[in-house]
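Asks: here's my sequence, what's the structure:
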Amino acid sequence: MIPKSFRALSLLLSIVLVIDSHAREPQKSSPARSTIENKIVRARELGIPFDGTPDKFNAITDVAGVGVGYTTLIEGEGKLVVGQGPVRTGVTAIFPRGHASNDPVYAAVFSLNGNGEMTGTAWVEESGFLEGPIVLTNTHSVGVARDAVIAWRNAHGSADAAGFSWSLPVVAETWDGWLNDLNGFHVKPEHVFHALDSAQGGAIEEGSVGGGTGMICYEFKGGNGTASRKIDMKDKNGTVRTFTVGVFLQANFGRRPQLTIAGVPIGKEIPGEVYKRETGSCIAVVATDAPLLPHQLKRLARRVSLGLARTGSISGNGSGDLFIAFSTANAGASDSEQLTHSVETIPNDLMDPIFAATVQATEEAVVNALIDNQSMTGRDNHHVDAIPHDRLRKVMKKYNRLQPGRAPK
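Replies: The predicted structure is shown next:
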């Protein structure tokens, strides 16, 4: 258990530092990073080629209104002592319409492989709406995170737009037990509150932060990754409208030999092994401002599977691959004060560009989670290397897939 004095100090420091730290909670200790690694380096900056055009931040927050917040918990080293650490975990919170809004969004979920947990999905499927934030954490912290979301929503007014104090929060997980004291239950309600309170738009930290802190992807250091695509769509009259699709991943899946980046077999060129069989998962959140109905958003959520496949994933038996998609369009669609609502949507025949954007952003989000990261040592001195940037660039060049002039300065 984290001492009360440490928790109190962490909360006090987080209030001070959150203003200029993009919501990353102070850490008692952190993995060593070289000067180069301390710079934010994303896949495109290394010269990795991707299809499609990203929006301003190349992140899920390019969808107006979407906010993301984190709590990162890193403490201790050496031998595992359950309840004491080492701790390598955290919480991520994603708001579809920001803190102030209590307006549900159209949403849908899809399970590629169900060896995982995402609470609240029965009501999302039944109602077609997502009510409140999405929270991501580790496997054994789903319960405390779910309860904390309810407490937070009640403390900020009421749990739903009609004023009823009830909530079925969406909380999802991936397993970080290779690096983290999973059974120590180190995620507390105050950590969930911090992630919720600190959520904001703009650029997002990736890699070993928030719920992604202790995660492993293709047996390199994994965690959080995000990307976006901007789409111009034209009707038969020549009218053009621009929409954005953003994807956020908690990436914790795959074996090393499977890893493929921009068509290149990176996992075979840079071999290595962390464990004997896949034990991870992937949670994906897809946001868009395109006006889509729930059945169309389910089609969008399914396309995450194709983006993961581009990076080599086979969605193994031990992988809980659960995806949720929502649209911030059609504000007020759930308002029961009106007997009927007029809503806007895009015909199915015109959805291919949105499907493509989702696949492309998913692929890039996975690669960003690997590249914008650092090596980590956790419980029982288990060590996981970050993907080496220099070696990656050499392999990409070998296969003539490296874009020139894109190396970080």
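
Asks: any low-confidence regions in the protein?
Replies: Within the chain, the stretches with pLDDT under 70 are 1-39, 159-163, 405-409.

Asks: give me the most central residue, it.
Replies: Closest to where the C-alpha atoms of the chain average out (Cα atoms, centre = their mean) is residue 249, at 3.1 Å.

Asks: how close does that residue sit to residue 387?
Replies: 15 Å (Cβ to Cβ, to the nearest Å). (Each C-beta comes from the backbone N, C-alpha and C, glycine too.)

Asks: one step back: and the residue nearest to the centre of the chain, bridged to which residues?
Replies: With DSSP bridges as the criterion, residue 249 is bridged to residue 225, residue 284.

Asks: between the two ends of stretch 318-338, how far is it?
Replies: One end of stretch 318-338 to the other measures 46 Å (Cα to Cα, to the nearest Å).

Asks: for stretch 117-135, same thing?
Replies: 12 Å.

Asks: and that stretch, how far out from the chain middle?
Replies: 16 Å (Cα atoms, centre = their mean, to the nearest Å).

Asks: just to revisit the earlier point, please report the distance of the residue nearest to the centre of the chain from residue 350.
Replies: 26 Å.

Asks: what do you get for residue 177?
Replies: For residue 177, the distance to residue 350 - Cβ to Cβ - is 44 Å.

Asks: now do residue 323
Replies: 22 Å.

Asks: quick one, which of the two is more surrounded?
Replies: Set residue 323 next to residue 350 and count neighbours by other Cβ atoms under 10 Å: residue 323 wins out with 29 against 12.

Asks: which helix or strand contains the more buried one?
Replies: For residue 323, the host element (DSSP states H and E) is strand 320-327.

Asks: export only the CA atoms of whatever helix or strand comes next after that strand, formatted as PDB.
Replies: Using DSSP H and E, the helix or strand that follows strand 320-327 towards the C-terminus is helix 352-371. Coordinates of each C-alpha in helix 352-371 appear next as PDB, following Å, rounded to 0.1, in the frame of the first residue of the first chain:
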ATOM      1  CA  ASP A 352     -15.300   4.400 -46.900                       C
ATOM      2  CA  PRO A 353     -13.100   7.500 -46.300                       C
ATOM      3  CA  ILE A 354     -14.000   7.300 -42.600                       C
ATOM      4  CA  PHE A 355     -13.200   3.600 -42.500                       C
ATOM      5  CA  ALA A 356      -9.800   4.300 -44.100                       C
ATOM      6  CA  ALA A 357      -9.100   7.100 -41.600                       C
ATOM      7  CA  THR A 358      -9.800   4.700 -38.700                       C
ATOM      8  CA  VAL A 359      -7.500   2.000 -40.000                       C
ATOM      9  CA  GLN A 360      -4.700   4.500 -40.800                       C
ATOM     10  CA  ALA A 361      -4.900   6.300 -37.400                       C
ATOM     11  CA  THR A 362      -5.000   3.000 -35.500                       C
ATOM     12  CA  GLU A 363      -1.800   1.800 -37.300                       C
ATOM     13  CA  GLU A 364       0.000   5.000 -36.500                       C
ATOM     14  CA  ALA A 365      -1.200   5.100 -32.900                       C
ATOM     15  CA  VAL A 366       0.400   1.700 -32.300                       C
ATOM     16  CA  VAL A 367       3.700   2.800 -33.700                       C
ATOM     17  CA  ASN A 368       3.600   6.000 -31.800                       C
ATOM     18  CA  ALA A 369       3.100   4.000 -28.600                       C
ATOM     19  CA  LEU A 370       6.300   2.100 -29.300                       C
ATOM     20  CA  ILE A 371       8.500   5.000 -30.500                       C
END
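
Asks: perfect, I'm done here.
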